[in-house]
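Novice: task: produce atomic coordinates for the following.
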Amino acid sequence: MAGVLAARGVVRLAGARAHAGMFPPGSVSLQLECGDRPAIKPSIRLFATLPEEKKEQPAIPTPTKPKGFLHFLSKEAIIADESYNRWTSVPAAFLVQLSIGSVYAWSIFNLPLTRALGVVAPAAADWPLAPVVHIFSACAVSLGLSTALLGPWAERSGPRKVAVAAAVAWSTGLVLTGFGVSLHELPLLYLGYGILGGIGWGLGYISPVSTLLKWFPDRRGLASGLALTAFGGGAMLATPINESLLNLFFELPQFLGPVDAVTLVTEGGKRFAEVAGEMREVVVATTADVVSLPGTALPGVYVVGTGDTGAAKTFFTLSAGYFLSMNIGAFIQRVPREGWLPANWTPPVEAEQQQKMISKGNVHHSEALKTPQFYLLWLAVAGNATAGISVISCAKTMMSDIFATAMPAIVNGAFAASYVAALSAGNMLGRLGWANFSDWAGRKRTYFLFGLAVPTLVALPSITNSVVAAPGWLPLAVFYGSTVFLVSFYGGVFSVLPPYISDLWGGKHVGAIHGRMLTAWSAAAVAGPNILTHMRSQSHTHAIEALASKVEPGIFEQTFGAPLTELSTLIAAKTVTIPQLMQVVPAGVPDPSPTLYNTTLYSMAALAAVAMLSNAAIRPVDPKHFMNDATPPVSLSSTPVPASPTPQSVATPQSDEQFQQQQPQEQQKSL
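Specialist: A predicted model of the protein is given here:
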């Protein structure tokens, strides 16, 4: 019987050639030959074929991809070294977020934009409040779409490139908005602030959040709160800046005199007066109209188109300032290297993960859309955000409508502007405070506390009604504090959202999932202001009709230059307003202005209740959606050893070439 056995292993050989050297596995082929012929003594011979000595070949340099002109903006160019302090990334995020956070001061522009031609009072061709507020909604829609579509790109590109893109879009949008105001072209405002501004808002929002979550995996709530505190507080800084610029560039229109000293003609609902031998459109400003204006404007008749609210020049100035600050923040940005973890930190144990509903795996951003948790959280975000964004978008107008007439000595233009700043402070503190609280209590429990918005919103109409009966400090203080409290919930919704996403679907694709989730913000920004302006418009029209019915027809025609039967035309031309009617109604008739927002507040309470129920239904994500992040390594030592060959399976001796050809096949089978 003869047999051949092939084997591999570490072989030590003695001899002149081997020089007692060590040869690694696979470099030596062995052949064992056994003989049992009767005439010859049984023998065993071992043959070894040694590997040929390899000459060292000169290393061929690997071609490197040439760096582009904009390589300094790439993610690879901003990987931090060991000496980088992760807290340095916080002021970088602040500079970007403070700039785009000025969007929350939009209500400062409501009054100037609705008086762009009349300046002291709305002219017939001036934009109504609804389309002006909808510019903010369009901006939020653009935010949601841009984050949903560009979220994966932003995650790949890194914070510096994304922040620079945000600065370009945001500042360009402000320039177009300024031209739109100058030319009185509303579509330019929608294109500039609504679309380009929204893209800049979205890109500038998601990039710092994702970056700080990577720098602070041990404090996800703190990281999100730090990133978004500046964003929420952006309006607190922007409000005084905007007010100062508007006052600086404000120009009072031509004053013709008190209303009883000017001969007025009404045609098609518009008011006209003779100026330098020709009939010019004019507006009649009441005391309530001029109280919020800078300078010493007097009630009376003003010529349309001769003044300037200062809005256009304000937008041009803001564009330059924000472009500079956002780019400074962009160039400070750094990202941690792959696998970086804070010193002396270990991930939470499984018991803590289960208690706070923290996922143990990662879900791809496309797979996240297949989980019910995505849509439940989407509803929770949209419902909670609607009330806050409605108040923010019309804050100054709401404060003036409800309290200015009843308390003119206190609630003037400066007070209303300070109210916008206070809401911004609530937004800012809510983002930081609720995010930190969620690190201790968990994200779901924190969202559940936001349900306190329901009883608060239900109680607010009672407070506004009390202003009509007994105006005073108490209703004002309660309304002021309650709305700031509500806006803190709004800020908390968005600062707790990124760590909530990270807890549910893992941190690997948090940026992309966050971008898709922000479409809930867009929905809230459309629904909230639309509900508010629509219901306010209905309440405003009903209030004017109710007041006009109490005025003597002769007095009405004498005051407005047209009979009561043309009331709808006069309302459309903005000739008849609540302040003007309150001057001619019988004594004792209450001013309905404080009640204009009651139906809106009840609607917001219902949406907040839906949000609370949606959050209550959220459960941990099913592990079947988790990604297979790593493939287990193959261990060659686990390759099964073949059994000893039987006489029927004894093979003929193999040459070295045959042996080497078979090895890749056998190795592939074992793998």
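Novice: how many other residues sit next to the closest residue to residue 275 other than its chain neighbours?
Specialist: Excluding the flanking residues, the one nearest residue 275 by CB to CB, 6 or more residues apart in numbering is residue 303, at 5.9 Å. Bear in mind the C-beta positions are built from the backbone N, C-alpha and C, glycine included. Look at residue 303: counted by other CB atoms under 10 Å, it has 19 neighbours.
Novice: one more: residue 71?
Specialist: That count, for residue 71 with other CB under 10 Å as the rule, works out to 11.
Novice: next: residue 76.
Specialist: Neighbours of residue 76 (other CB under 10 Å): 9.
Novice: also residue 131?
Specialist: Neighbours of residue 131 (other CB under 10 Å): 16.
Novice: that one: what's it in contact with?
Specialist: Shown in contact with residue 131 (CB atoms under 8 Å, 6 or more residues apart in numbering): residue 186.
Novice: picking that back up, do you know how far the residue nearest to residue 275 is from residue 573?
Specialist: In this view, residue 303 and residue 573 are 16 Å apart by CB to CB, to the nearest Å.
Novice: what of residue 589?
Specialist: Counting by CB to CB - residue 589 and residue 573 are separated by 24 Å.
Novice: next: residue 107.
Specialist: Applying CB to CB to residue 107 and residue 573 gives a distance of 25 Å.
Novice: who has more neighbours, these two?
Specialist: residue 107 (26 against 20).
Novice: pretty sure that one is touching residue 420, no?
Specialist: Yes - if you go by CB atoms under 8 Å, residue 107 and residue 420 touch, sitting 5.9 Å apart.
Novice: overlap in contacts, those two.
Specialist: 395, 396.
Novice: quick check: buried residues in the helix or strand hosting residue 167?
Specialist: Using DSSP states H and E, residue 167 maps to helix 159-183. Buried residues in helix 159-183, counted by 16 or more other CB atoms under 10 Å: 159-182.
Novice: what do you get for stretch 89-100?
Specialist: Buried residues in stretch 89-100 (16+ other CB under 10 Å): 89, 90, 92, 93, 94, 95, 96, 97, 98, 99, 100.
Novice: and the helices in the stretch 501-650 of the chain, which stretches?
Specialist: 510-517, 519-548, 553-560, 567-572, 578-582, 598-616 (DSSP state H, counting those that start in this stretch).
Novice: what's the helix or strand for residue 280?
Specialist: Short version, using DSSP H and E: residue 280 is in strand 278-285.
Novice: so what's residue 397 closest to, chain neighbours aside?
Specialist: Per CB to CB, 6+ apart, closest to residue 397 is residue 110, 5.1 Å.
Novice: list the contacts for that neighbour?
Specialist: Residue 110 touches 129, 132, 133, 394, 396, 397, counting by CB under 8 Å, 6+ apart.
Novice: any chance of a PyMOL selection covering the buried ones in those residues?
Specialist: Here is the PyMOL command that picks out the buried ones among the contacts of residue 110, judged by 16+ other CB under 10 Å:
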select buried, resi 129+132+133+394+396+397
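Novice: as JSON lines, the contacts of residue 110 with distance to residue 239 and pLDDT would be great.
Specialist: Compiled in JSON lines, the contacts of residue 110 are given as follows (distance: CB to CB, whole Å; pLDDT from 0 to 100):
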{"residue": "129", "distance to residue 239": "19", "pLDDT": "87"}
{"residue": "132", "distance to residue 239": "17", "pLDDT": "92"}
{"residue": "133", "distance to residue 239": "17", "pLDDT": "87"}
{"residue": "394", "distance to residue 239": "15", "pLDDT": "78"}
{"residue": "396", "distance to residue 239": "9", "pLDDT": "78"}
{"residue": "397", "distance to residue 239": "14", "pLDDT": "80"}
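Novice: nothing else from me, thank you.
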